[in-house]
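> would you be able to build a 3D model of this:
(one chain, ligands or ions: 1)
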Amino acid sequence: MTADLTAAGARAAFDVLVVGGGASGALVALHLLDREGLRVALAEPRPAPARGTAYSTPRAEHVLNVNAARMSAFDAVPDDFVAWLRTQPECIGREDAAVAAQFAPRRVYGRYLQARLDAHPARASLAVHAEAVVDIERDGAGFIATCASGAQLHARAVVLATGSPSATLPGGVPVAGAVDAWDYDAVAEIASEADVGIVGAGLSMVDVLLTLQANGHRGRVHAISRNGLMPLAHAPGTVPQPGGVEALMLLGVRARMRMVRQWAADAVAQGRPWQDAVERLRPHARALWQAWPATERRRFLRHAVRQWDIHRHRIAPGVAAIVDDMAATGRFSLQAGRLLRIEARDGRVAIDWTPRGAAPATTGVDVVVNATGMEKRLSRAPGRLLPALHARGLVAPGPLDLGLATRGDGEVLDANGEVVPGLWTLGATRIGDLWETIAMPELRGQAERVAIGVQQTLAGR
Ligand SMILES: Cc1cc2nc3c(=O)[nH]c(=O)nc-3n(C[C@H](O)[C@H](O)[C@H](O)COP(=O)(O)OP(=O)(O)OC[C@H]3O[C@@H](n4cnc5c(N)ncnc54)[C@H](O)[C@@H]3O)c2cc1C
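Take a look at the predicted model:
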């Protein structure tokens with residue numbers, strides 16, 4: 001399925017180049033293919049398109065963090081994922097309601113996205129280029145993208161769908177014995193007797209725990225995070241109550257938190273799950289973020305972001321039960337503290353850290369896993385492409401150095417704050433502008449609007 005474009009120095013011309021073939025890139029490609037006559041290239045170094053970080057896990061225990069009913073790839077067809085799932089061998093014979101309610105393995109979701117791409121009637125107009133883009137320059141009204149091999153792709157428009165790489169460990173030169181939580185194979189190879197240290201306590205830490213558990217791990221797992229807080233569980237039957245959001249718009253961080261806590265308490269008093277309160281906010285998260293001035297957004301990042309994350313990015317109840325059991329049986333502990341350094345010492349990995357409210361300490365483990373999640377800051381973006389575009393002034397940091405500066409439906413702004421005609425982006429790169437921008441409900445809408453915007457740009461030339 002990969003077009004033969006990989007020879008060094010090869011040149012090829014397209015209407016649109018989508019850089020990054022994770023979920024976002026695949027969705028943009030699907031919407032571009034809907035528009036007749038566009039020649040589209042998708043550059044993605046991973047062996048299979050439409051997977052990205054989340055859906056490339058080969059592990060059955062890594063499940064979606066929302067139920068299947070909410071994971072359609074298309075706003076216009078809300079039951080598309082469930083309809084596809086029903087045709088899959090693992091769901092044949094299951095009740096429709098059970099299929100829709102399940103937290104499906106993420107690898108199955110990757111298969112779904114790829115199936116939708118492969119089945120598109122205009123699939124032949126899509127060339128998949130199996131390598132990374134390392135630089136992009138303007139070329140008249142279009143762009144030249146240079147790939148890692150030196151191959152060049154010419155395109156009239158470019159969509160940056162590069163997601164976000166994992167953050168490097170704080171203070172951290174990589175040490176022997178350190179693995180990345182998103183390197184699923186490396187985590188699966190951790191010896192069953194090994195003592196494991198995990199830095200970070202979000203969804204990626206949960207992934208690691210699930211794999212250790214699935215592999216019969218018998219060592220101890222020590223997780224350290226700044227706040228010692230981990231994702232909370234979904235509650236069945238959560239129903240967002242309407243209204244009340246207008247009042248929140250006018251409030252700062254503290255007052256908003258107070259009001260949302262009150263909503264949660266009211267829900268519980270009525271015999272409803274507290275999760276109703278978060279669902280009530282969810283569709284308005286972007287507007288709520290944008291209503292704050294920079295000072296208030298900074299305050300949120302400093303004091304409240306972790307509380308938001310653990311309530312907003314929840315885990316399946318079955319997953320929470322596994323983690324609770326690991327903690328209750330003493331195989332897993334999570335502590336709050338500040339990481340000082342990680343280094344190889346005496347044949348093990350030494351994690352030097354300061355537990356909250358206590359003197360500096362060292363925890364010795366056999367393996368340390370970086371589960372610190374995504375790197376949101378352009379100034380620290382690893383890899384070659386974003387630093388190169390930043391150095392060229394073709395992109396600029398988004399608000400508070402989060403993601404890229406963008407506007408509207410994903411037009412990229414350059415170092416002078418001007419729109420770069422024909423350069424678009426979506427997903428994690430828009431976090432500074434939109435905040436709520438990495439989950440499928442947001443990505444599917446963004447992808448469609450980017451495709452419309454790109455088509456209009458090209459038609460206007
Ligand atoms: C572990 C995990 C679990 C998640 N679970 C869910 C979930 O259950 N439900 C949900 O709605 N959301 C979930 N998410 C959120 C998730 O981010 C989105 O659903 C979605 O997968 C993001 O896709 P993306 O394409 O924007 O980014 P990524 O998945 O990061 O994909 C970006 C792709 O771009 C490629 N790339 C990067 N740089 C270049 C370059 N220079 N040249 C070419 N290619 C490049 C990368 O190889 C990668 O494949 C999860 C996220 C993670 C990390």
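
> how many neighbours does the closest residue in space to R70 that isn't next to it in sequence have?
Excluding its sequence neighbours, the residue lying closest to R70 (Cβ to Cβ, 6 or more residues apart in numbering) is P441, at 6.7 Å. Any C-beta I mention is one placed from the backbone N, CA and C, and that applies to glycine too. Number of residues near P441 (other Cβ atoms under 10 Å) recorded here: 15.

> P441: which element?
Taking DSSP states H and E as the criterion, P441 maps to helix 440-459.

> distance from the chain centre to that helix, please.
Centroid separation for helix 440-459 versus its chain: 18 Å, with Cα atoms, centre = their mean, to the nearest Å.

> again, but for stretch 125-137
21 Å.

> can I get that stretch in CSV? Just the C-alpha atoms.
Coordinates of the C-alpha atoms in stretch 125-137 are reproduced here as CSV (Å, rounded to 0.1, in the frame of the first residue of the first chain):
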residue,chain,number,x,y,z
SER,A,125,-5.5,9.0,-5.1
LEU,A,126,-3.7,8.6,-1.8
ALA,A,127,0.1,7.9,-1.8
VAL,A,128,1.5,6.8,1.5
HIS,A,129,5.1,7.8,1.9
ALA,A,130,6.7,5.6,4.6
GLU,A,131,9.1,8.0,6.2
ALA,A,132,9.3,11.2,8.3
VAL,A,133,9.4,14.7,6.9
VAL,A,134,12.3,16.6,8.4
ASP,A,135,11.8,20.0,6.9
ILE,A,136,9.4,22.1,4.9
GLU,A,137,10.1,25.2,2.9
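
> that one and the ligand, are they touching?
Yes. Stretch 125-137 lies within reach of the ligand by Cβ under 6 Å from any ligand atom, at A132, V133.

> what stretches of this protein score poorly on pLDDT?
In the predicted model of the chain, residues 1-12, 170-175 satisfy pLDDT under 70.

> near the ligand, which residues of it?
19-25, 43-46, 52-55, 64-66, 132-133, 161-164, 203-204, 207, 385, 427-428, 438-440, 443.

> unless I'm mixing things up, D195 is touching G219, no?
Yes. Applying Cβ atoms under 8 Å, one finds D195 in contact with G219, separated by 4.7 Å.

> coming back round to it: of the residues of the chain next to the ligand, buried ones?
Neighbour-count burial (16 or more other Cβ atoms under 10 Å) applied to those gives 19-25, 43-44, 52-55, 64-66, 132-133, 161-164, 203-204, 207, 385, 427-428, 438-440, 443.

> quick one: the residue sitting furthest away from the middle of the chain from G364, how far?
Note on the chain: the largest C-alpha distance from the chain mean falls to D346, namely 36.4 Å (Cα atoms, centre = their mean). Using Cβ to Cβ, to the nearest Å, D346 is found at 8 Å from G364.

> mind listing the strands the longest strand along the chain pairs with, and their directions?
Longest strand in the chain, counting residues (DSSP state E): strand 332-345. Neighbouring strands of strand 332-345 in its sheet, by DSSP bridges, are strand 221-225 (parallel), strand 348-355 (antiparallel).

> contacts for it, please.
Here strand 332-345 makes contact (Cβ atoms under 8 Å, 6 or more residues apart in numbering) with 169-172, 175-178, 197, 199, 201, 209, 220-230, 323, 326-327, 349-356, 358, 360-361, 364, 368.

> let's go with 7 Å and repeat that
Under the criterion Cβ atoms under 7 Å, 6 or more residues apart in numbering, residues 169-172, 175-178, 199, 201, 209, 221-228, 230, 323, 326-327, 349-356, 360, 368 lie in contact with strand 332-345.

> hmm, which of the residues you listed are the buried ones?
Buried among the contacts of strand 332-345 by 16+ other Cβ under 10 Å: 169-170, 172, 177-178, 199, 201, 209, 221-226, 228, 230, 323, 326-327, 349-351, 353, 368.

> circling back: dump the strands paired with strand 332-345 into TSV; add distance to G150 as well.
As requested, the strands paired with strand 332-345 are exported to TSV (distance: least, Cβ to Cβ, whole Å):
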stretch	distance to G150
strand 221-225	41
strand 348-355	38
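
> out of these, which gets nearest to R302?
When those are compared by Cβ to Cβ, strand 221-225 sits nearest R302, at 15.8 Å.

> quick one: the helices in the stretch 51-200 of the chain, in order.
Applying DSSP state H, counting those that start in this stretch to the stretch 51-200 of the chain gives helices spanning 52-55, 80-86, 96-101, 106-118, 184-188.

> where's A29, which helix or strand?
In the assignment (DSSP H and E), A29 maps to helix 23-33.

> quick one: list the elements packing against that helix.
strand 11-19, strand 40-43, helix 52-55, helix 106-118, helix 440-459 (3 or more Cβ pairs under 7 Å, 6 or more residues apart in numbering; DSSP states H and E).

> for L389, give me its contacts.
L389 makes contact with I136, V395, according to Cβ under 7 Å, 6+ apart.

> shouldn't it be within a helix?
Yes. Using DSSP: H, G, I helix; E, B strand; the rest coil, the assignment for L389 is a helix.

> what is the burial count for the nearest residue to D139 once chain neighbours are set aside?
The shortest distance from D139 to any residue other than its chain neighbours is 6.6 Å, reached at H154 (Cβ to Cβ, 6+ apart). Neighbour count of H154, defined by other Cβ under 10 Å: 16.

> so H154 touches G142, yeah?
Yes. Contact criterion Cβ atoms under 7 Å: H154 and G142 qualify, at 6.3 Å.

> in this structure H129 contacts A41, no?
Yes. The pair H129 / A41 is scored as a contact, 5.5 Å apart, by Cβ under 7 Å.

> which residues in the stretch 301-450 of the chain form strands?
Assigned by DSSP state E, counting those that start in this stretch, the strands in the stretch 301-450 of the chain fall at 332-345, 348-355, 361-365, 367-370, 406-407, 411-413, 419-425.

> which among those is found nearest to P89?
Comparison of those against P89 by Cβ to Cβ identifies strand 367-370 as nearest, at 32.6 Å.

> which other helices and strands contact that closest one?
Packing partners of strand 367-370 (3+ Cβ pairs under 7 Å, 6+ apart): strand 178-180, strand 196-199, strand 348-355.
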